[in-house]
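K.L.:
I need the structure of the sequence given here:
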Amino acid sequence: LVSKLAIKAPSKIFPFSVSKTIRSFKKFIASTLPDYQRSNIAAAIAVAKRIGVGDGVIKKTLRRFSGLEGRMETVGKVRGVEFINDTAATNPEAASKAVIFTKKRIGRGRLHVIAGGSEKYLPLAGFTSALKKRAATVVLLPGGSSRKMRAGLGKSSKPKIIEAKTMREAVRWAFAAAKK
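P.N.:
Residues are numbered from 1 along each chain as shown. The predicted model follows:
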């Protein structure tokens, strides 16, 4: 079905350079957006320019764009603890990049991650490696991927691993760890 639709769909492939496309728009992109989102932003700019959208409209749009809901979205601060929703990172590679970016952004601050859940049968080695190197605490939600993550994180003292029964409990554990 997809192959048949692809043949019928009016589309074109056109190459573009992320660095060249984004160069004149960098100052209009929110500094809170992760570096790895730059390629997506560059693709959107390239398509917009290709269909005739002017630079002024692109710049205005970029000024207002603060990211996608559920993708590295700061949802609030409570008593000095910043809560970031990254539920849109539905694969380990995206989650790894988010962990790396967040730790880079907070510097010496401690990173506490809620992760795991149902088994998606995806490789977790890169994600558990990023957590081992950067997270102070990992709160695991119930599910098959949490069991795999626990095994991948090993028995070292870093990061501290906590198992939660619900998301509410996971948030409480992560908050408590952040306040220590």
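
K.L.:
only C-alpha atoms from now on, for both contacts and neighbour counts.
P.N.:
Noted.

K.L.:
mind exporting stretch 77-87 as PDB, just the C-alpha atoms?
P.N.:
Output of stretch 77-87 as PDB, limited to C-alpha atoms (Å, rounded to 0.1, in the frame of the first residue of the first chain):
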ATOM      1  CA  LYS A  77       9.900  24.400  38.000                       C
ATOM      2  CA  VAL A  78       9.100  23.500  41.500                       C
ATOM      3  CA  ARG A  79      11.300  24.700  44.400                       C
ATOM      4  CA  GLY A  80      14.300  25.000  42.000                       C
ATOM      5  CA  VAL A  81      13.800  21.600  40.300                       C
ATOM      6  CA  GLU A  82      13.100  21.800  36.500                       C
ATOM      7  CA  PHE A  83      10.800  19.200  35.100                       C
ATOM      8  CA  ILE A  84      11.300  18.300  31.400                       C
ATOM      9  CA  ASN A  85       8.800  16.200  29.500                       C
ATOM     10  CA  ASP A  86      10.400  14.100  26.800                       C
ATOM     11  CA  THR A  87       7.700  11.500  26.300                       C
END
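
K.L.:
report the buried residues of it.
P.N.:
F83, I84, D86 (16 or more other C-alpha atoms under 10 Å).

K.L.:
kindly state the pLDDT recorded for the first one?
P.N.:
If I follow you right, that is F83. Looking at F83, its pLDDT is 84.

K.L.:
could you find the closest non-adjacent residue to R63?
P.N.:
Leaving aside its sequence neighbours, R63 sits nearest to F28 (C-alpha to C-alpha, 6 or more residues apart in numbering; 5.2 Å).

K.L.:
so the one you found makes contact with L62?
P.N.:
Yes: at 5.7 Å, F28 and L62 qualify as touching, with contact defined as C-alpha atoms under 8 Å.

K.L.:
can you tell me how far P159 sits from R38?
P.N.:
30 Å (C-alpha to C-alpha, to the nearest Å).

K.L.:
more neighbours: these two, which one.
P.N.:
Each of P159 and R38 has its neighbours counted (other C-alpha atoms under 10 Å); P159 has more, 21 against 16.

K.L.:
who touches that one in this structure?
P.N.:
L131, K132, A135, A136, T137, V138, L153 (C-alpha atoms under 8 Å, 6 or more residues apart in numbering).

K.L.:
now render these as a markdown table, adding neighbour count and distance to A46.
P.N.:
Below are the contacts of P159 laid out as a markdown table (neighbours: other C-alpha atoms under 10 Å; distance: C-alpha to C-alpha, whole Å):
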| residue | neighbour count | distance to A46 |
| --- | --- | --- |
| L131 | 26 | 34 |
| K132 | 20 | 37 |
| A135 | 23 | 36 |
| A136 | 19 | 39 |
| T137 | 23 | 40 |
| V138 | 28 | 38 |
| L153 | 23 | 40 |
